[in-house]
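In: Curious how this folds, go ahead:
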Amino acid sequence: MINNQPPDTPSTDLTKPEQPEQAPARKTFVLRRKADAEATPHFRIRYADELNATQLAAVEQTEGPVLVIAGAGTGKTRTLVYRVARLIEMGIKPEQILLLTFTRKSAQEMLRRAAALVGSRAEQVNGGTFHSFANLTLRKYAQLLNYQSTFTILDQGDCEDVMNLLRARMGFDTKGRRFPRKQTLASMISASINRMTPIREIIEEDYPQYRRDVEEIEKLARSYQEYKRMHNLMDYDDLLVNMALLLQKHPELRERLGETHRYIMVDEYQDTNKLQHEVVRLLAERHQNVMVVGDDSQSIYSFRGANFRNIMDFPRGFPGTTVITLEENYRSVQPILNFTNEVLSHAIEKYEKHLYTRRPGGALPMVVSTADEHLQSEFIVQQILELREQGVELNEIAVLFRSSFLSFDLEIELTKANIPYVKMGGFKFIETAHVKDLIAHLRVVHNPRDVVSWNRILLLLEGVGPRTAQRVVDEIADGRLEITRQGAESARKIGNAAVGELFDMLLTLLPEKMSVPEKVDQLIRYYKPIMRGKYDDYIKREKDLEMFSEIAGRYRSLNSFLADMALEPPTESVTGIEDGKEDEQLILSTIHSAKGLEWNTVFVIWALDGRFPSTWAAGSLDQMEEERRLMYVATTRAKDRLIITYPINIFDRESGMVLSKPSRFIADIPEEIAEKWVVSQE
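Out: I've put the predicted structure just below:
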């Protein structure tokens, strides 16, 4: 018999027509066209043994547009690695494969793993970030955009310095009213470029306090672009802008580059912005061989310009897209996945997926309410100590939160309990500039000879520079200037009216009978106008002041309050718990910084409506949906234990409301999916 023959191929008998009766049985042959035989690849890797069914489907689908929806912990990196290996085994030239990722490290790791499968050929694959790929391409073709190939790339600090130069040159630093600082201007312009949105709309949405300055900011943005072009400079955003322009304006080059990169793969597609999507679309315009991998439910970076619509609308932009969903989870136990599936089930727009695992066992997640924030912190510290006694190392435990300031109270309790930690995302409590400012004021009240703190608070004042500050500090150090009514008058003469007002305010904080919370509230009333003049993002920083006040409310003594706040970070002050050597640290992290990571046990704190989701998201359905995705990302970091906590009856000064409801994302979780507990003080 003949196998695999085309329908129009006649049956062929290759034996002689007449044979003796004792002739051996007829042989069977397989006929294939020579071209087909030469094109059939020989695979050394047993893909079906190494991958699950959906991973295998993604790896085997090598032609046309493919969208892989990879749920959390479902092995998307493994899928990409094996697809690179398969393309190479199929005979595709490595240099025709383009792998785009969001970090150079991830691209290198994927290609290293692919090389372990198919040899050094995998190292010839073009792998890297969008920006590195754009840089290499623009170096070759910069002249087509009237740049020289020797253009310089500006980093963030360079951009801000240029912005400051132009700001001064155009006279915007001497305006009668406050004009955005260089960092804010750079952020505005970058957001406009990455979102492909007019800067006017960016200001209206994110910086409404500068509505009156729109025309001047637009003018400065144009001058910034002209300055860079004149001096052969590009910033990071320009790399993407100019890459897209190169492809748009030069069809022949676009076709040539598309032919060079015949197989395109993009990781973390939910994090791409409009410019990155446009680059992919143009490169794949002719062959359409593009596979993007991502998880719509982990799209949480809109503040960086990431566009949720890129992954949702991919099939529309690439007709005929094959959509493959990875749902088998290799990280978490099933009870945790049931919880995350329930959180996600209420999302308004999503690709349907239901995470499952073959891992046996696992306890139900816990949802725990406490009377206040301090009890929440004490409960978590107790749980961490118990877990460690049970053999769970500190570096296998993470505490996650929506915003950095939400961990400040917990940090103090961890330090008291001698638990070392490292914080990812944001700053540690006493490392934020505005909190340092508050502490410096209290320190000079407690110790008037603290010249370091004096210098800091004096330089905050309008019209006070280093020379004036030094004169005042010298007078204080020599004992000629004190915090008295007479001292306030002398301070006005040495410095200016603002220095006198500072002394007047400090004088009100001196009475011993005044409680610590009263001192702090008085100080915050004085400091808020200063902060608003110093920081363009003062609205966000005001939340930190509120938290500072709440922490101060637990202290009766200014001395003990300052002592606790002044403790060295545990990584520097703790000598160790085991054998005098400390090699483990608890992880504190914002949810944004925790994406892509995993731990044995995860605490998600402050799951309180108004904190998580944030009150800022209440006015926007899109932002509220992103908050839901944040909860999904947070809960899918846990492998064996998930504990979600929230304090109740917290007064929010900004909204004037008492926050007492659990996060809407967990409020209706059924009892069979999560155990609900209330912590009370014995």
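In: tell me the phi and psi of the most centrally placed residue in the chain?
Out: In the chain, the centroid-proximal residue (CA atoms, centre = their mean) is residue 592; its distance is 3.8 Å. Per-residue torsions, residue 592: phi -60, psi -40 (degrees, to the nearest 10).
In: Same question for the one 4 residues further on.
Out: Its backbone dihedrals place residue 596 at phi 90, psi -10, with angles given as degrees, to the nearest 10.
In: Please identify the pairing partners of the host helix or strand of residue 646 and their relative orientation?
Out: Using DSSP states H and E, residue 646 maps to strand 638-647. Strand pairing for strand 638-647, using DSSP bridges, gives strand 366-370 (parallel), strand 599-604 (parallel).
In: what does it rub up against?
Out: With contact meaning CB atoms under 8 Å, 6 or more residues apart in numbering, strand 638-647 is reached by 331-333, 336, 339, 362-363, 365-373, 375-376, 379-380, 383, 387, 598-608, 611, 635, 662-663, 666, 674. (Each C-beta comes from the backbone N, C-alpha and C, glycine too.)
In: can you check stretch 440-449 too?
Out: 450, 452-454, 456-457, 476-477, 482-483, 506, 509-510, 519-520, 523, 527, 558-559, 561-562.
In: next one: stretch 369-386
Out: Under the criterion CB under 8 Å, 6+ apart, residues 368, 394, 397, 399, 409-410, 412-414, 417, 419, 550, 554, 586, 603, 605-606, 643, 645-650, 662, 676-681 lie in contact with stretch 369-386.
In: Check stretch 165-181 too.
Out: Residues contacting stretch 165-181 (CB under 8 Å, 6+ apart): 182, 185, 188, 207, 210, 212-213, 216-217, 219-220, 223-224, 227, 533, 536.
In: Could you identify which of these has the most neighbours?
Out: For those, the largest number of neighbours (other CB atoms under 10 Å) sits with residue 185, at 26 neighbours.
In: Name the helix or strand for that residue, please.
Out: Using DSSP H and E, residue 185 sits in helix 182-194.
In: Equivalent analysis for residue 362, please.
Out: With DSSP H and E as criterion, residue 362 is part of no helix or strand.
In: And the strands in the stretch 451-600 of the chain, which stretches?
Out: Ranges of strands in the stretch 451-600 of the chain, per DSSP state E, counting those that start in this stretch, are 586-590, 599-604.
In: how far off strand 586-590 does the longest one point, in degrees?
Out: Meaning strand 599-604. Here strand 599-604 runs at an angle of 50 degrees relative to strand 586-590 (axes from the mean of the first three to the mean of the last three CA atoms, to 10 degrees).
In: what's downstream of strand 599-604, the next helix or strand?
Out: helix 621-635.
In: Backbone torsions only: list them for residue 128.
Out: Torsion angles, degrees, to the nearest 10, at residue 128: phi 170, psi -170.
In: returning to what we had before: point out the one among the strands of the stretch 451-600 of the chain that comes closest to residue 465.
Out: Residue 465 lies closest to strand 586-590 among those, at 35.9 Å (CB to CB).
In: I'd like the average pLDDT over that closest one.
Out: For strand 586-590, the mean per-residue pLDDT is 95.
In: same question, stretch 106-125
Out: Stretch 106-125 shows a mean pLDDT of 92.
In: Tell me the buried residues in it?
Out: By 16 or more other CB atoms under 10 Å, the buried positions in stretch 106-125 come out as 106, 107, 110, 111, 113, 114, 115, 117, 118, 121, 122, 125.
In: Which residues does that stretch contact?
Out: Stretch 106-125 has contacts (CB under 8 Å, 6+ apart) with 44-45, 77, 80-82, 84-85, 88-89, 94-95, 97-101, 127-129, 267.
In: Give me the subset of those residues lying in helices.
Out: Of those, the ones assigned to helices by DSSP state H are 77, 80, 81, 82, 84, 85, 88, 89.
In: Tell me how many other residues crowd the fifth one.
Out: Same thing as residue 84. 28.
In: Also residue 484?
Out: By the criterion of other CB under 10 Å, residue 484 has 12 neighbours.
In: who's in contact with it?
Out: Residue 484 neighbours (CB under 8 Å, 6+ apart): residue 507.
In: make it 10 Å
Out: Applying CB atoms under 10 Å, 6 or more residues apart in numbering, we find residue 484 in contact with 490, 503, 507, 510.
In: Go through this protein and flag its longest helix.
Out: The longest helix of the chain (DSSP H) is helix 516-534.
In: helices and strands around that one, which ones?
Out: For helix 516-534, the packing partners by 3 or more CB pairs under 10 Å, 6 or more residues apart in numbering; DSSP states H and E come out as helix 433-446, helix 497-508, helix 538-552, helix 558-565.
In: Out of the ones you listed, which gets nearest to residue 316?
Out: Among those, if distance is taken as CB to CB, the winner is helix 538-552, at 35.8 Å.
In: Let me know the angle separating the closest one from helix 516-534.
Out: Relative orientation of helix 538-552 versus helix 516-534 (the same axes, to 10 degrees): 170 degrees.
In: Now find how far off-centre helix 538-552 is within its chain.
Out: Centroid separation for helix 538-552 versus its chain: 23 Å, with CA atoms, centre = their mean, to the nearest Å.
In: Quick check: residue 649 touching residue 659?
Out: Yes: if you go by CB atoms under 10 Å, residue 649 and residue 659 touch, sitting 7.7 Å apart.
In: residues in contact with the closest residue to residue 308 other than its chain neighbours?
Out: Counting by CB to CB, 6 or more residues apart in numbering, residue 299 is the residue found nearest to residue 308 once chain neighbours are left out, at 4.6 Å. Applying CB under 10 Å, 6+ apart to residue 299 gives the contacts 268-272, 306-312, 350, 625-626, 629-630, 633.
In: Now do the same for residue 39: its pLDDT.
Out: 49.
In: for the one 3 residues further on, same thing?
Out: As predicted, residue 42 sits at a pLDDT of 75.
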